[in-house]
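J.: fold the following for me, if possible:
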Amino acid sequence: MDIFNILLGTFRELYYIILGVSTGGSFPRKLTASEEADCLRRLSEGDAQARAQLIEHNLRLVSHITRKYFLSQTDSEDMLSVGTIGLIKAVDSYSPEKCTKFSSFASRCIENECLMYLRAAKKTSLNVSISAPIDTDKHGNELTLLDIISCEDTIADDLDTKLKCQQLRGLIARLDDPREAEIIWMRYGLDGKEPLTQKEIAAKLDISRSYVSRIEKKALEQLRQMLG
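T.: Below is the predicted model:
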């Protein structure tokens with residue numbers, strides 16, 4: 001693997017860390033009633049971080065509601081995406097004056113988004129599926145349209161990741177303290193070198209490990225806020 005691909009992978013991982021997205025398939029815990037009320041209050045004041053918190057901590061609700069709409073793993077990924085769109089719409093349109101609990105309102109929005117998606121999918125169900133068998137090969141194996149037109153390149157994904165890398169580079173450069181940027185670069189190996197542990201960075205900069213941890217945490221929070 002060349003240095004460019006190593007950096008792409010490292011930036012992709014850091015991007016998910018900053019956004020608070022778990023790659024293990026788990027969801028953030030549900031907000032307590034007081035935490036949710038605080039987020040809703042800050043959301044009404046235009047706080048972008050409160051909006052992100054409401055979305056992030058209600059992904060479990062999306063998973064619970066959309067589970068009854070899918071039959072396969074592929075369906076689950078599609079429905080989770082659709083349900084998340086419904087959740088985002090709920091966060092952006094919720095009004096406490098309606099005297100409806102946010103979770104109830106969000107549930108309806110998620111359900112509606114799923115049903116609209118399924119109705120739209122039903123209308124196109126008569127279209128040719130790229131996964132439907134259209135012929136057989138010389139060994140008698142089924143061939144699909146996808147087999148014929150498939151391409152192994154990942155140009156689109158690589159371009160998207162490269163843009164995220166450029167965005168992160170710019171944001172890291174805007175951190176309040178140059179030491180914060182230095183620690184982020186060393187901590188995640190963004191210069192193509194091996195990522196360093198907090199203990200290794202502490203020894204290198206002649207500071208305590210706990211101080212490195214605080215600086216890293218503060219820097220990641222700043223990056224998360226800048227990403228909105």
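J.: those helices in the protein, which residues are they?
T.: Assigned by DSSP state H, the chain shows helices spanning 3-19, 33-44, 48-56, 59-66, 73-93, 102-123, 145-149, 155-173, 178-187, 198-205, 209-227.
J.: and S44, how far from A50?
T.: Distance, S44 to A50, using CB to CB, to the nearest Å: 9 Å. From N, CA and C alone the C-beta is placed, and that goes for glycine too.
J.: equivalent analysis for I184, please.
T.: Distance from I184 to A50, by CB to CB: 25 Å.
J.: the two: who's more crowded?
T.: Neighbour count, other CB atoms under 10 Å: between I184 and A50, I184 has more, with 22 against 18.
J.: how about that one: what's its closest non-neighbour residue?
T.: Nearest residue to I184, sequence neighbours excluded (CB to CB, 6 or more residues apart in numbering): A219, at 5.2 Å.
J.: ok, S93 next?
T.: Distances taken as CB to CB, 6+ apart place C109 nearest to S93, at 7.6 Å, with adjacent residues excluded.
J.: could you do S213 as well?
T.: In space, S213 is closest to Q198, 5.5 Å off (CB to CB, 6+ apart).
J.: thinking again about what came up before, state the pLDDT value of the residue nearest to I184.
T.: Looking at A219, its pLDDT reads 88.
J.: same question, L168
T.: Here, the pLDDT recorded for L168 equals 76.
J.: just F102 next, same as before
T.: F102 is given a pLDDT of 90.
J.: right, and G86 touches C114 too?
T.: Yes. With contact defined as CB atoms under 8 Å, G86 counts as touching C114 (6.9 Å).
J.: rewinding a little: the residue nearest to I184 and E194, how far apart?
T.: 20 Å.
J.: same check, this time on Q222
T.: 25 Å.
J.: quick one on the thing from earlier: gap between the residue nearest to S213 and K217?
T.: Here Q198 is placed at a distance of 10 Å from K217 (CB to CB).
J.: and these two? Which one has more around it.
T.: The neighbour comparison of Q198 against K217 (other CB under 10 Å) goes to Q198, with 18 against 10.
J.: residue ranges with poor pLDDT in the protein?
T.: 1-26, 70-76, 99, 122-140, 142-164, 191, 228 (pLDDT under 70).
J.: quick one: residues contacting Q49.
T.: When contacts are counted by CB atoms under 8 Å, 6 or more residues apart in numbering, Q49 touches R42, R224, Q225.
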